[in-house]
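Chemist: Here is my input; please provide its structure:
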Amino acid sequence: MTQTENSPKTGFEKIIEYLNNSLEINHPIAIAKIVEDTGFSWSFIKKTLSKIKEQYDGYHFEKSGNTWLIWKDRQHLIKKLNETCSSLLAESENE
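Modeler: Residues are numbered from 1 along each chain as shown. Sure thing, here's the model as predicted:
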């Protein structure tokens with residue numbers, strides 16, 4: 001095992017792992033379910049999910065009524081790329 005594999009995971013990493021391994025594709029769940037499954041506080045999870053939405057693709061996080069719903073549209077979340085074809089096209093349209 002490498003040093004990184006032996007390092008304790010951060011809360012952020014644990015939430016990403018939970019979403020990748022426990023969340024079914026296109027099956028929304030509420031933050032309360034993540035709180036129950038992980039033991040993290042509601043406020044920590046909401047803050048982390050907001051950060052994940054900014055940094056990852058394949059993941060949705062929206063308020064529906066009084067409940068925040070989370071779902072993924074692919075097997076694993078992937079980090080957003082800064083330089084993509086679509087971002088270059090968007091830039092050329094703005095010029």
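Chemist: ok, Asn6 - how many residues close by?
Modeler: 7 (other Cβ atoms under 10 Å). For every residue, glycine as well, the C-beta is placed using N, CA and C.
Chemist: per-residue pLDDT, it?
Modeler: pLDDT for Asn6: 70.
Chemist: From Asp57, how far off is it?
Modeler: The spacing between Asn6 and Asp57, counted by Cβ to Cβ, to the nearest Å, is 29 Å.
Chemist: Over to Glu17?
Modeler: 17 Å.
Chemist: Apart from its neighbours in sequence, what residue is nearest Ala32?
Modeler: Trp42 (7.4 Å; Cβ to Cβ, 6 or more residues apart in numbering).
Chemist: same for the helix or strand where Leu49 lies, what does it pack against?
Modeler: For Leu49, the host element (DSSP states H and E) is helix 42-55. If contacts are counted by 3 or more Cβ pairs under 8 Å, 6 or more residues apart in numbering; DSSP states H and E, helix 42-55 sits against helix 11-22, helix 31-38, strand 59-64, strand 67-72.
Chemist: what do you get if the cut-off is 7 Å, keeping everything else the same?
Modeler: Packing partners of helix 42-55 (3 or more Cβ pairs under 7 Å, 6 or more residues apart in numbering; DSSP states H and E): helix 11-22, helix 31-38, strand 59-64.
Chemist: got these as JSON lines, with distance to Lys51, mean pLDDT and mean neighbour count columns?
Modeler: Listed next are the helices and strands packed on helix 42-55 as JSON lines, based on distance: least, Cβ to Cβ, whole Å; pLDDT from 0 to 100; neighbours: other Cβ atoms under 10 Å:
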{"stretch": "helix 11-22", "distance to Lys51": "7", "mean pLDDT": "92", "mean neighbour count": "15"}
{"stretch": "helix 31-38", "distance to Lys51": "14", "mean pLDDT": "94", "mean neighbour count": "15"}
{"stretch": "strand 59-64", "distance to Lys51": "10", "mean pLDDT": "88", "mean neighbour count": "13"}
